[in-house]
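1. Okay, here's the prediction I keep looking at, along with the sequence it came from:
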Amino acid sequence: MPVPDYSSDEMMTVSAARALRDGITCFVGIGLPSAAANLARATHAPRLVLIYESGTIGAKPDRLPLSIGDGILAETADAVVSVPEIFNYWLQPGRIDVGFLGAAQIDKFGNINTTVIGGDYAAPKTRLPGSGGAPEIAASCREVIVVVRQTLRSFVERVDFVTSVGYGSGPGTRQRLGLTGAGPLKIITDLGVLEPDPATQEFVLTGLYPGVSVEDARARTGWDLAAAAELHTVDPPSAAELTALRGFTASAKE
Amino acid sequence: MPVPDYSSDEMMTVSAARALRDGITCFVGIGLPSAAANLARATHAPRLVLIYESGTIGAKPDRLPLSIGDGILAETADAVVSVPEIFNYWLQPGRIDVGFLGAAQIDKFGNINTTVIGGDYAAPKTRLPGSGGAPEIAASCREVIVVVRQTLRSFVERVDFVTSVGYGSGPGTRQRLGLTGAGPLKIITDLGVLEPDPATQEFVLTGLYPGVSVEDARARTGWDLAAAAELHTVDPPSAAELTALRGFTASAKE
Amino acid sequence: MAEIVSLAEAVALAVRDGDTVAMEGFTHLIPFAAGHEVIRQRRRDLTLVRMTPDLIYDQLIGAGCVRKLVFSWGGNPGVGSLHRFRDAVEHSWPGPLELEEHSHAGMANRYVAGASGLPFAVLRGYAGTGLMAEGMASVRPITCPFTGEILTAVSALNPDVAIVHAQRADTSGNVQLWGITGVQKEAVLAAERSIVTVEEVVPHLDPRPGSVVLPSWTVSYVAEAAGGSRPSYALGYYERDNDYYVAWDPIARDRDAFRRWLDTEIFGMAETMGGR
Amino acid sequence: MAEIVSLAEAVALAVRDGDTVAMEGFTHLIPFAAGHEVIRQRRRDLTLVRMTPDLIYDQLIGAGCVRKLVFSWGGNPGVGSLHRFRDAVEHSWPGPLELEEHSHAGMANRYVAGASGLPFAVLRGYAGTGLMAEGMASVRPITCPFTGEILTAVSALNPDVAIVHAQRADTSGNVQLWGITGVQKEAVLAAERSIVTVEEVVPHLDPRPGSVVLPSWTVSYVAEAAGGSRPSYALGYYERDNDYYVAWDPIARDRDAFRRWLDTEIFGMAETMGGR
């Protein structure tokens, strides 16, 4: 295989964008998910409905928003509502198809940590930003997709703190907790794609990017990562995808 | 005293309007209170803030609104909010100075009935419109003023149905029920003004319109109505008050 | 995504016998045309929900469409009683009418709970009232887990169908209403299905002060129905026909006059907005 | 009725040592000028409340004004950490910082409860999270009295003072803001006192799409502060200074650099909006 003329971050963003079907509603978390969601809308999913926790519903930015409260989101939205309303009327009832989240740490059951790393909660080694909207996005969207770079530090056996619940400690946890959404169906990284094993709900490797091996992925995973029988190679970014993505990135830097 | 050139309904509306101090906030109930509140704003209380349960805050109609949802209220308001918001953010916390209510039946403790008369609740002799916003206006405004024509049918010993609580069964009731407002401080009728006795919370006559006697009022009251020691005669409508009121009434009929 | 259909189609597709139906509109934007089409399609055993049942519910009750009414204020605003409503309650004509009665604050919060995916809402209300004394199943005390204070819980409203009228929709089915917007957003978001009638379908919705937008994907059917809220009003389109509200009183007082009105004004009229 | 005063006066009159203060603004309209004036007036022992503590709270924490932080997301959006916040949590510099931590949904509902005069709000949230496991006093389970379902209650937020920035006020003190309006209305209505800084005081507020109006009688003090939310933005007035957010990172990483910034940019500057 020739050396690809795209970065692993670009492949990750393209792969995440592809996970969003046209016409669905997507609650977009802060960070990497926003780039991927906007790329999806600019390529194969022009009718993707983007919803941000800042209260903007149906935003149609023509450049990459710099934050979840970027003015372009309000200016191009179908509706702008208050922050309480976005959580109570729009997220909580389960009317959003996909929650699109990032993570600082994620474990084999798809639980996400963005709160503290090391030490304990009261005296942490590293204080992270905290919950934001993620716990309820993870609980209430019909399904969740996580976009995160894969490293030994971020892919851990058990998160230091459960900011947002994936499958908790495995089958039955979400039901017991009364979480209405199905939980995380994909983790999309800079190496490939992980999906939960239907029986154990442990995340296993189901897709790899061109040039990445199972061993590469295992070397950057803190749990004993299995590969699915139907492991496939993800198509590299198309010229159209790369052009759109780079257009966004360039406009963001202007 | 010469025969007055105004009707008892006009005297009632003028008297009710005078009860509203300039600059206060007033939650305006349906019917007679709306005419009086708008008259107050047109005369001595230009900075009176009118709030309607339809969601209009600070409406400044230049004619009498024909209903609590009249378009002129939205068009002249400082803010128009949803119906849930008007009750939850504006009425419930006790931030409104005066609740201004009408009644079909009212009793000696200022309890109001606008639900059913005669028979029982399930099989009433007369079915009235029901609660509307009144129960929570009566509960949560800092104080309440009731505007109602005085008749033996409307002024009863005990209301057939407690739609909105005044003083319940007397001292201590409002505290026991957790009602945050002070309750009804005045009943303004087409004969005069009643106020609660500080000790018993029974309404007693404190003001009479020119030409009306205590006996006139007692003859139209279904409980043993007492007159306060400081019973006074209410000033007749001024020319300015009558002109403003009649201007409203004329514009309402156009 | 909302389908843009005729009003007759929308009612045929969305409203079934036995449904719980909320037609909302607080004085303003009352969905009269849709209500008339429900009568015309002879729906039965409906549970009707509405904060302020006015003429349109008087008409539906008199026409025999309604088994139960969930409401907080049932009158003819500025005129007096709803006589078909009273006749049903007081004399069971044309049939008995079950009531589930609330205050406005309670009803508004029941819609909020429904729109929020919660089984109940909390408010300060009902304490000491006859409604509380009647022991309605949809009102219960609830204790604050922090202060111990006792407040009131009301159960959520989640109608099968919400029907509202709005000024405009765009060709994608996004809906825009302004002026007094009442509890319409909550009713649509709380309901399983929804019909929005609009004064006009336009290519593009211009932002307007005070407007509420319901995105197309929250609405089931949009039907163009110019004048669809007469004799109520549509701010920016037409004013309230106050004479109609006055004229309704003698019609509604008399069963025969009402029957004649039904035959002439409802069953004698084709669905006026391009019905089949 | 709101008093129109200078920013220095507003802070002097409204913010006291030991107060609970909520400065809100969701990325947009963050009240930086007011926050800087609080530092300049050397308030101490504040409990700061805010869904998204960003640079302004990093600055207040580093300056030693803060005893406790009530929040749901504390970062430098698009850049990374708030280093003064981290230094306080990780190394108790310049003093220990007590945390009361929530999710956005929880914080938003706590303001809603506060604005609504209720002691708590109910939501679907926190179940299974570490925040629930930490057993915070402001989060408790609550049982639906109708369905028996267990949901989550959060206690109301009623700050002593809310401080927000808006685009405009009129000469009567009515306030208008538009764009992303976040939780500002709720914060002001929940608080005992409030300060609203505005880009400009105008004779009359024209209705605008998407605008929220806070009537004068709900606000304690209005202070004109043009540019008062820089480096955040004020839609219609100026854009976000993204370079400032990037440049803040190295300043905040280093205690000495931060001290120099404080001396130069805060204490070295007179209150810029007509202070005394």
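-> All right, it came through fine.
2. Report the closest residue of the stretch 101-250 of chain C relative to chain A.
-> At 3.0 Å from chain A, C:G117 is the closest residue in the stretch 101-250 of chain C, using Cβ to the nearest Cβ. Quick note: C-beta positions are derived from backbone N, CA and C, even for glycine.
3. Next, that residue: secondary structure please.
-> Under the three-state scheme (DSSP: H, G, I helix; E, B strand; the rest coil), C:G117 adopts coil.
4. What of C:T47?
-> Secondary structure of C:T47, per three-state DSSP, is strand.
5. What about it, how many residues nearby?
-> 18 (other Cβ atoms under 10 Å in any protein chain shown).
6. give me every residue that touches it.
-> Contact analysis of C:T47 by Cβ atoms under 8 Å, 6 or more residues apart in numbering or on different chains lists C:D19, C:T20, C:V21, C:V66, C:R67, C:K68, C:L69, C:V70.
7. State the pLDDT value of the closest residue in space to the second one that isn't next to it in sequence.
-> Pointing back at C:T20 there. Spatial nearest neighbour of C:T20, chain neighbours left out: C:T47 (4.3 Å); criterion: Cβ to Cβ, 6 or more residues apart in numbering or on different chains. Per-residue pLDDT puts C:T47 at 98.
8. hey, what's C:T47 bridged with?
-> Beta-bridge pairing for C:T47 (DSSP bridges): C:T20, C:K68.
9. what about the helices in the stretch 1-150 of chain C?
-> Secondary structure of the stretch 1-150 of chain C by DSSP state H, counting those that start in this stretch: the helices cover C:7-14, C:32-40, C:55-62, C:83-91, C:104-115, C:130-133.
10. If we ignore the residues flanking it in sequence, what's nearest C:N174?
-> C:S216 (4.7 Å).
11. Quick check: the one you found touching C:S172?
-> Yes: counting by Cβ atoms under 8 Å, C:S216 does reach C:S172; the two are 5.1 Å apart.
12. Pull up the overlap in contacts between those two.
-> C:M1, C:A2.
13. So the two - more neighbours on which side?
-> Using other Cβ under 10 Å as the criterion, C:S216 and C:S172 rank with C:S216 on top: 23 against 18.
14. so who does the more buried one touch?
-> C:S216 is in contact with C:M1, C:A2, C:S172, C:G173, C:N174, C:V175, C:V222, counting by Cβ under 8 Å, 6+ apart.
15. Does the least confident helix or strand in chain C by mean pLDDT reach chain B?
-> The least trusted helix or strand in chain C, going by mean pLDDT, DSSP states H and E, turns out to be helix C:130-133, with a mean of 92. Yes: residues of helix C:130-133 are located near chain B by Cβ under 8 Å from any Cβ of the partner chain, namely C:G130, C:L131, C:A133.
16. Identify the residue nearest the last one in space, chain neighbours excluded?
-> Once its chain neighbours are removed from consideration, C:A133 has its nearest residue in B:V162; the separation is 7.4 Å (Cβ to Cβ, 6+ apart).
17. and what of A:A36?
-> The shortest distance from A:A36 to any non-neighbouring residue, by Cβ to Cβ, 6+ apart, is to A:A16 (3.6 Å).
18. Equivalent analysis for C:A225, please.
-> Closest to C:A225 by Cβ to Cβ, 6+ apart is C:T197, at 3.9 Å.
19. Equivalent analysis for C:E186, please.
-> In space, C:E186 is closest to C:Y111, 3.9 Å off (Cβ to Cβ, 6+ apart).
20. what about the one you found, neighbour count?
-> C:Y111: 33 neighbours (other Cβ under 10 Å).
21. My read is that it contacts C:V188, right?
-> No: using Cβ under 8 Å, C:Y111 is not in contact with C:V188, being 9.7 Å away.
22. that older thread, can you give me the distance of the residue nearest to C:E186 to chain D?
-> Applying Cβ to the nearest Cβ, to the nearest Å, the value for C:Y111 to chain D is 15 Å.
23. could you list every residue that touches that residue?
-> Applying Cβ under 8 Å, 6+ apart to C:Y111 gives the contacts B:P84, C:A22, C:L157, C:V183, C:E186, C:A187, C:A190.
24. For the most centrally placed residue in chain A, what are phi and psi?
-> What sits nearest the mean C-alpha location of chain A, by Cα atoms, centre = their mean, is A:V146, with 2.6 Å. Note on A:V146: its backbone torsions stand at phi -110, psi 140 [degrees, to the nearest 10].
25. for the helix or strand harbouring C:R259, which positions count as buried?
-> Assigned by DSSP states H and E, C:R259 belongs to helix C:255-261. Under the neighbour-count criterion of 16 or more other Cβ atoms under 10 Å in any protein chain shown, helix C:255-261 has C:F258, C:W261 buried.
26. how about the CA coordinates for that helix, as CSV?
-> Presented in CSV, the C-alpha positions along helix C:255-261 are these (Å, rounded to 0.1, in the frame of the first residue of the first chain):
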residue,chain,number,x,y,z
ARG,C,255,-79.7,21.9,20.8
ASP,C,256,-81.7,22.3,17.6
ALA,C,257,-80.0,25.5,16.6
PHE,C,258,-76.7,23.7,17.2
ARG,C,259,-77.8,20.7,15.1
ARG,C,260,-78.7,23.0,12.2
TRP,C,261,-75.3,24.8,12.6
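27. Tell me the gap between it and the middle of its chain.
-> 23 Å (Cα atoms, centre = their mean, to the nearest Å).
28. before we move on, what about stretch C:49-60?
-> 7 Å.
29. ends of that stretch, how far apart?
-> End-to-end distance of stretch C:49-60: 12 Å, with Cα to Cα, to the nearest Å as the criterion.
30. Equivalent analysis for stretch C:218-230, please.
-> End-to-end span of stretch C:218-230 (Cα to Cα): 25 Å.
31. got it, and stretch A:50-59?
-> Using Cα to Cα, the end-to-end distance of stretch A:50-59 comes out at 6 Å.
32. Quick check: bridge partners of the nearest residue to A:G207 once chain neighbours are set aside?
-> What sits nearest to A:G207 in space, not counting adjacent residues and going by Cβ to Cβ, 6+ apart, is A:V193, at 3.5 Å. For A:V193, the beta-bridge partners under DSSP bridges are A:I188, A:G207.
33. number of nearby residues for A:V193?
-> 24.
34. Also A:T151?
-> A:T151 has 15 neighbouring residues, counting by other Cβ under 10 Å.
35. residue contacts, it?
-> Applying Cβ under 8 Å, 6+ apart, the residues contacting A:T151 are A:R220.
36. Whichever strand or helix holds C:V154 and chain D, are they touching?
-> Take DSSP H and E as the rule and C:V154 turns out to sit in strand C:150-155. Yes: legend: contact between strand C:150-155 and chain D by Cβ under 8 Å from any Cβ is shown at C:L151, C:A153, C:S155.
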